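A.B. asks: structure for this input, please:
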Amino acid sequence: MQLPAFHRTRHQLCFFRLDPQFCLYPLTPLPPADIPLPDPQRSLLSQLGDLERRQLEQLCAAGHAASIGLTIGGRRWQCHLAPTEPNGWLLSADMGQFQHQDALGLMEWQLQQSWHQPAPLSARLPALMDTLLNQLQADRIILWRHYPEEELLRPLYSQGLPFLLHPVRAERRYLRTLQQRGGLSYSHCAQQPLLGAFDYLAKDGIQHRLDVPLPANSKVAGLVSLEYARPRAPLAASDLQFAAALAGRLAELVAAPAETVPADGTATDISSLIPLLCRHTGQDFFNQLMLQLAELCGADLALVGLQHRRQDKVRVLSCYEGGQLQPPFSYPLAGTPCTFSHDTDSRICIYPRDVAELFPQDSLLREKGLQAYIGLSLKDEEHKPVGLVVLLFKRPLAAGAAIQTLLEQLEPRVRAELLRRRDQEALMVAAAAFETQEGLFITDNRLRLQQANRAFAEMSGYGRDELVGCSALEFRAEDPHTATVDAIVQAMEQRHQWQGEQRLRRADGRELAVNIHITEVRDGLGMVHYVCCVEDISGQKADKQRIEQMAYFDELTGLHNRRFMVEHIAHTVALAEHEASRGALLLLDLDDFKNINDSLGYALGDALLVQVAERLGLFAEQIEGASLARIASDEFVLLCPNLGHGYSAAKTRAEQLANALREQFLLPFQLDQLRLHLSASLGISLFPVAGLGLEEYMRQADTANHMAKRIAPGSHVFFSQEMADEVQERLGLSNALQQALKDQALELHFQPQLGVDDDRQLGLEALLRWHPPGGSPIPPAHFIPVAEETSLICDIGDWVLQQACARIQAWQAAGLQPGRVSVNISARHFHGPDFVTRLSALLQQYPAGRNRLTLEVTEGVILENLQESRARMSQIKALGVGLSIDDFGTGYSSFAYLRELPVDEIKLDRSFIQHIDKRPQDKAIIACLLELAAILKLTVVAEGVETEQQLASLAELGCPAYQGYLRARPMPEPQLMAWLAEQAPSSVRR
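C.D. replies: Next up is the predicted model:
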């Protein structure tokens, strides 16, 4: 069967040799006579137009492989040139439509020309593969070779793939089925079990595939795969016949037996090595090269590595050692013989002996006992390193000259394969970069689009094919706010790049705001192109416009925000001063809103804020000239001008408004199935006040609001100078307290905890006291709230814990054991990020504190963040520290959470104890709490016991422990020791 009779290709592909005089010599059968060919007796240059003649001369002078379009006899040739030795060129010509040819096929031809080796079948490989690809109208084609001993299929040749293929597992069932049927045709490839090993199919979207076996002695030597990215009709019988016939021809090449490689180490073996290697390309070539070189030269280790530009490492592509291929790896060049191979002008670098001693930093030489090195440095046309071939020996090298000759003869082919590998990887990176999410197109020097990626096509609304050939200016919409074309051209002439905003006109007429970055680049012929990166910023512009519109509004409630209110206050105060009228600023803060957020969740909290805003908005609409804003999470400001011309009148009117505002919270708020009762505290500042800054009005209202909250939830307070004085006083108190802590002027007092039945001393509570020198004692109720407003409370808490642990350690050393010592911990201190860490370090310093220290926290501290509190309490318990809930029963939801907390003790608040003997309700509550504690196995301590009747009631209810002024007040340590000594001998355990 003659193949040309079956060749019904869409493209007429021929190969020629172009000599130094630019005369063409055909290397493959010529096309039909109806296709005009150049005259072989004349120079090709004389048969071309002026422009194409200059382009061809420039390409050949540059010495690089490249593509060019030529017009001969009125027909367009698409040509690819590859340089050969000496001074010749290999030219492949596609005389139909342009189709990119795989560089592997051209490389085979180039190598044959370089080595002058007759290999007629392998020389026809590109034409055979292209014929099959075009006849069956496939999108891509792959030639696989079967390696039975490894059970692998390795790719030898491919066209149409933008990436490197890896070997796949040769499934026996698949090969058996393929051989029995003489070919397999698949649709919906991703769902075919037999194609499971070819995992790249689904990722590439391959729909249809035809596999044809390469028969060899009743076995499968390999196969040809034709792949389609689109569904197609079943192949005709003639097409399948043609594929089988061509596969038989390919089998002759793939299954041809390799000549035996002599092992005598002589350079004449190149005659058998080169034909063997000619049947391999890509990774298979590198593997075979290392295998044959190691055996031919007697090397203990052989490797070939690739080095990308500006890299100080070699990436090993194939390594042969100990009779088998090794996994790929990378190694640094520094300190190895390979550095000198790259740095010297000589292509071959030889160290015949003692190479490990010459390069002590190379651990590989020393670990493997290597003595000799020979390396071939491969460089590109710019004399930049491309890669290395290295042979290493465990014995001194005697036949260096013969091996050098062998490597020199192999150099062109190895360099070509390394360059192909480097270029393929670069193409893969470039292809991935071009298909980025950012719009990208390339134009010629006249701004005609040559290529556009998918992102730009989608952005513009045109198809990618429609964009090619269009002027970039066709997509530009005029906008007076963007740079003109003249301005862009001027910038490109000066800086060769430009970046800025433009308007893009889409195919449907809509306009998009885009940011475009234009860069001028030149190709190998010096031709100017423009690479344009386009980013759709219409969304950003819309967001910016929306943000500017929303700058003065609160997103959640739709009310004005703080920024608006600050600017509006300035305008309102200035107007009031001009009109000699007065107004009021009312700052409203929701009471206990944080607890609502924490317990019900932020979604319901936000819904509550929206309802509050709606009520306040309706209220503000009834006040002439009033403005309402949400300035913080749960803070609202109502600005009311024109309340009167005198201070008294304005204050009276503001008082009426405050009372009316409170009434807005009388009705509950309905959230789904929940009905919430809410209150709000008000701080009021009147304006204008001479000499007062704008921020001062907000600060005055905020100060008054804090005062209102201290009085009672739901209260309102007018700012007064007395408040300012109190704020100043609290600031002075805070400074003095800080100095007292620094000067060790604070001290601990201890109040005993006793058994209700027998007054037996059970433990102590450490209480902080401050008696400034020369002054009166300051009650904790005065200075503790001041400390809690700042981080000073954490410093004080650390000091109290240190003092308590120190006293426990000292008492233990003295043989005293007055029970557990309780210390109160504030919320800020307890929730501090390093509280547990500091407590652990303290117990390492004072180990006696373990199992003798108890921390008291209130329900509010725990409920600030229940999940975090539970985890932190578990960590504290793990340190051997007890936990007690102080003021138990005064919070809410505590019963539900109590069973989940690792606590040891609850302390009944004194508010229940004070009237236990007079109010049956309080007594009943305490009875319930005691019963609950018994069920949860918790200790109970009653606080504030001051009368015998209270103690008797506790005994009646079965309360185990108490503390209070009835038996012992808080006392300093010396007094405590005396008090303990007066107790019954059993009350102090030694």
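A.B. asks: check contacts around Pro780.
C.D. replies: Residues counted as contacts of Pro780 (C-beta atoms under 8 Å, 6 or more residues apart in numbering) are 767-770. For glycine as for every other residue, the C-beta is placed from the backbone atoms N, C-alpha and C.
A.B. asks: which pLDDT value goes with it?
C.D. replies: The score at Pro780 is 91. That number is its pLDDT.
A.B. asks: same question, the one 5 residues further on
C.D. replies: At Pro785, the pLDDT value in this model is 85.
A.B. asks: report the secondary structure state of it.
C.D. replies: helix (DSSP: H, G, I helix; E, B strand; the rest coil).
A.B. asks: measure it to Ser826 for me?
C.D. replies: 10 Å (C-beta to C-beta, to the nearest Å).
A.B. asks: ok, those two, which is more surrounded?
C.D. replies: Ser826 (18 against 13; other C-beta atoms under 10 Å).
A.B. asks: need phi/psi at that one.
C.D. replies: Phi and psi for Ser826, reported as degrees, to the nearest 10, are phi -80, psi 170.
A.B. asks: got it, and Cys60?
C.D. replies: Main-chain torsions, Cys60, degrees, to the nearest 10: phi -70, psi -40.
A.B. asks: what about the nearest residue to it once chain neighbours are set aside, how many neighbours?
C.D. replies: Take Cys60 and drop its neighbours on the chain: the residue closest to it by C-beta to C-beta, 6 or more residues apart in numbering is Trp89, 6.6 Å away. Taking other C-beta under 10 Å as the criterion, the count of residues near Trp89 is 23.
A.B. asks: residue contacts, Trp89?
C.D. replies: By C-beta under 8 Å, 6+ apart, the neighbours of Trp89 are 17-18, 60, 81-83.
A.B. asks: and for Glu726, the neighbour number?
C.D. replies: 13.
A.B. asks: how about it, secondary structure?
C.D. replies: helix.
A.B. asks: related to what we said a few turns ago, nearest to Ser318, of the contacts of Pro780?
C.D. replies: The closest of these to Ser318 turns out to be Leu768 (C-beta to C-beta; 76.8 Å).
A.B. asks: the closest one looks like it's in a strand, true?
C.D. replies: Yes: counting by three-state DSSP, Leu768 is part of a strand.
A.B. asks: in which helix or strand would I find Leu980?
C.D. replies: helix 973-982 (DSSP states H and E).
A.B. asks: show the average pLDDT along that helix.
C.D. replies: For helix 973-982, mean pLDDT is 92.
A.B. asks: what's it in contact with?
C.D. replies: So helix 973-982 is in contact with 748, 750, 752, 761, 764, 807, 816, 818, 968, 971, 987-988, going by C-beta under 8 Å, 6+ apart.
A.B. asks: repeat that for 10 Å
C.D. replies: 747-752, 761, 764, 803, 807, 810-811, 814, 816, 818, 967-971, 987-988 (C-beta atoms under 10 Å, 6 or more residues apart in numbering).
A.B. asks: mind giving me the PyMOL select for the residues you listed, buried ones only?
C.D. replies: In PyMOL, this line selects whichever of the contacts of helix 973-982 come out buried by 16 or more other C-beta atoms under 10 Å:
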select buried, resi 748+749+750+751+752+761+764+803+807+811+818+967+968+970+971+987+988
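A.B. asks: follow-up on the earlier one: of the contacts of Pro780, buried ones?
C.D. replies: Buried among those by 16+ other C-beta under 10 Å: 767-768, 770.
A.B. asks: just checking: what are the partner strands of the helix or strand hosting the residue nearest to Cys60?
C.D. replies: Using DSSP H and E, Trp89 sits within strand 88-94. Next to strand 88-94 in the sheet, as set by DSSP bridges, lie strand 13-18 (antiparallel), strand 75-84 (antiparallel).
A.B. asks: dump the residue contacts of Gln180.
C.D. replies: Neighbours of Gln180 in contact, by C-beta under 10 Å, 6+ apart: Pro213.
A.B. asks: quick one, phi psi at it?
C.D. replies: Per degrees, to the nearest 10, the backbone of Gln180 is at phi -70, psi -40.
A.B. asks: then Arg315?
C.D. replies: phi -100, psi 110.
A.B. asks: tell me the pLDDT at it?
C.D. replies: At Arg315, pLDDT is 90.
A.B. asks: what bridges to it?
C.D. replies: Leu306, Ser330.
A.B. asks: for the helix of greatest length in the chain, what is the average pLDDT?
C.D. replies: Identified as the longest helix of the chain according to DSSP state H is helix 400-434. Throughout helix 400-434, pLDDT has a mean value of 79.
A.B. asks: show the subsequent helix or strand relative to that helix.
C.D. replies: Counting by DSSP H and E, what follows helix 400-434 is strand 439-443.
A.B. asks: show me what that next one packs onto, helices and strands only.
C.D. replies: Here strand 439-443 touches helix 400-434, strand 449-452, helix 454-460, strand 511-522, strand 528-536, going by 3 or more C-beta pairs under 10 Å, 6 or more residues apart in numbering; DSSP states H and E.
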